[in-house]
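In: my questions concern the predicted model and sequence given below.
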Amino acid sequence: MSKSLNLYVGTIAGVGLMLVAAYNFADRNVADFPENPQMLGELPAPIPEPEAPVKTAAAPEALDGGIIGAAHADNGDTKGLRFGLGRGALPEEIAAWNLDVSPDGTGLPAGSGNAFDGEAIFEEQCAVCHGSFAEGVGNWPKLAGGDGTLADEDPLKTVGSYWPYTSTVWDYVHRSMPFGNAQSLSVDDTYAIVAYILYSNDIIDDEFELNQDTLPEVVLPNADGFIVDDRAETEYSKWRTEPCMENCKDGPVEITMRATVLDVTPEEAVEEPAATDPAPEPAAAVDPAPEPAAEPAADPAAAPAETDAPDPELVAAGEKVFNKCKACHQIGDGAKDRVGPQLNGIVGREIGSVEGFKYSNTMGSMGGAWDAETLAAFLADPRGTVKGTKMAFAGLRKDSDVEALIAYLSSFSQ
């Protein structure tokens, strides 16, 4: 028991000595709290930011070297502050990005080109996606055709049917094409390609010279088909209101019609073609055959008679139209098969009869002869006249072009 008492007394004495030592240390080394301490509000105000640093950053002499050169006068004035980052853009650097072209022709560079020259450039740079005749390949866009289809359920929107301005065509081609190699086309090549696209839509002739002055004068068919979108001023206030969440209609609400009656269920739309397809398809496949088959009996002798002496002016016009065919067909001395068969003696010739050329199954089995009437129907709508034809050409839109081309073809014998 005496040992425990001694232990407690020793511990208490040790704690007491430690407290006395701590008090003496604090009394000598810790300063008293001041009676009037400095408040936070008396700290110096922060240096104000420059009023308009962007305006002063344009001075080339202040930006040289790329080092932050902000300097303050002894009086604290900050009006001379400079960022000192980079340098001013050179005129040629700005010009490289300033590529926009306006409908009135502002922004068009000096240059020229026509469809005749543009055909070869288009074939090399554009045809892999857009087809040799701008008719499109696979899912790539069609650039020609579609005239008068904008009101259809499935309109074809092309340069000729939908685009409003030729300047938009030029700007897009020059800025973004060809795919994967944008801005590699020269100015003259761009004019030539645009001319070929316009020519493919029967908007200009193949010899029309397209340049910075004539391009804005070419008016596209749908130039007046666009209106200013003024819905923000005329309509938004009518339907941008608080939505009605209950009791929104006066009177009773009742079902007036079922979806099946409206024919919007997919089952009916799918079943009908499945049931009727087998019958029409064979009829469609042989439709072209009866027409040529009936014609040759009366026309083989008549066709040569009609084309013995074609009108020279019509033949000359047809030669220009044939420029649309040159990519795939040859005619005249030494003509050979290319993508399509050679066309010497085509008027009156038996359909699908060029030896060694591989026709589509439909064309090869048609029979009959290429009389003027059959040729006219085929040239106006190749795929509609001969189902399954391999010819990619969309067809000639003008009856006058069809007549002229037949006259030109008839001037070449076998």
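Out: Arrived safely.

In: what sits against Glu242?
Out: Neighbouring residues of Glu242 by Cβ atoms under 8 Å, 6 or more residues apart in numbering: there are none. All C-beta spots, glycine's among them, are computed from the backbone N, C-alpha and C.

In: could you report the separation of it from Ala232?
Out: Glu242 sits at a distance of 19 Å from Ala232 (criterion: Cβ to Cβ, to the nearest Å).

In: next one: Phe322
Out: 52 Å.

In: who has more neighbours out of the two?
Out: Phe322 (16 against 9; other Cβ atoms under 10 Å).

In: any idea how far that one lies from Gln330?
Out: 10 Å.

In: kindly report the same for Gly148.
Out: Separation of Gly148 from Gln330 (Cβ to Cβ): 33 Å.

In: those two: which is more packed in?
Out: Gln330 (17 against 11).

In: got the contact list for the more buried one?
Out: Counted by Cβ under 8 Å, 6+ apart, Gln330 has contacts 336-338, 342-343.

In: and for Glu124?
Out: Applying Cβ under 8 Å, 6+ apart, no residues contact Glu124.

In: which residues in the stretch 51-200 of the chain form strands?
Out: 112-113 (DSSP state E, counting those that start in this stretch).

In: run through it and note the low-pLDDT ranges.
Out: Low-confidence segments of the stretch 51-200 of the chain, defined by pLDDT under 70: 51-82.

In: ok, back up a step: quick one: common contacting residues for Phe322 and Gln330?
Out: With Cβ under 8 Å, 6+ apart, Phe322 and Gln330 have no common neighbours.

In: what's the domain layout of the protein?
Out: 97-217, 291-410 (automatic domain parsing).

In: can you lay out the ones you listed as a markdown table showing distance to Asp250?
Out: Formatted as a markdown table, those follow (distance: least, Cβ to Cβ, whole Å):
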| stretch | distance to Asp250 |
| --- | --- |
| domain 97-217 | 36 |
| domain 291-410 | 53 |
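
In: to Asp224, which of those domains lies closest?
Out: When the domains of the chain are compared by Cβ to Cβ, domain 97-217 sits nearest Asp224, at 8.3 Å.

In: what ranges of the stretch 201-350 of the chain fall below the confidence cut-off?
Out: Those would be 260-308, if you go by pLDDT under 70 across the stretch 201-350 of the chain.

In: one more time with 80, if that's ok
Out: Within the stretch 201-350 of the chain, the stretches with pLDDT under 80 are 240, 251, 257-309, 324, 326-327, 338-339.

In: which stretches of it form strands?
Out: 210-211.

In: out of the domains of the chain, the one nearest Gly14 is which?
Out: Closest among these, using Cβ to Cβ: domain 97-217, at 83.4 Å.

In: tell me how far the closest one lies from the chain's centre.
Out: 11 Å (Cα atoms, centre = their mean, to the nearest Å).

In: how long is it end to end?
Out: Start and end residues of domain 97-217 are separated by 26 Å (Cα to Cα, to the nearest Å).

In: and for stretch 83-90?
Out: End residues of stretch 83-90 are separated by 19 Å (Cα to Cα).

In: next one: stretch 336-349
Out: 16 Å.

In: and what of stretch 151-160?
Out: End-to-end for stretch 151-160, by Cα to Cα: 15 Å.

In: which residues sit against that stretch?
Out: Contacts of stretch 151-160 (Cβ under 8 Å, 6+ apart): 134, 141-147, 149-150, 161-162, 169, 197-198, 200-203, 220-221.

In: what's near enough to touch Leu143?
Out: Applying Cβ under 8 Å, 6+ apart, the residues near Leu143 are 130, 134-136, 158-160, 197, 200-201.

In: at 10 Å what do you get?
Out: Residues in contact with Leu143 (Cβ atoms under 10 Å, 6 or more residues apart in numbering) are 122, 126, 129-131, 133-136, 158-160, 163, 169, 196-198, 200-201.

In: how about it, nearest residue that isn't a chain neighbour?
Out: Spatially, and ignoring its direct neighbours in sequence, Leu143 is nearest to Ala134 (3.9 Å; Cβ to Cβ, 6 or more residues apart in numbering).

In: the one you found: neighbouring residues, count only.
Out: 25.

In: neighbours around Ala22, how many?
Out: 10.

In: what's the answer for Glu135, then?
Out: The burial count for Glu135: 18, using other Cβ under 10 Å.

In: what about the contacts of stretch 151-160, which are in helices?
Out: Among these, the ones falling in helices (DSSP state H) are 169, 197-198, 200.

In: in stretch 312-328, what's buried?
Out: 314-315, 317-318, 320-322, 324-325, 327-328 (16 or more other Cβ atoms under 10 Å).

In: for Ser102, state which of those is nearest.
Out: Distances from Ser102 to the buried residues of stretch 312-328, taken by Cβ to Cβ, are shortest for Lys324, at 31.4 Å.
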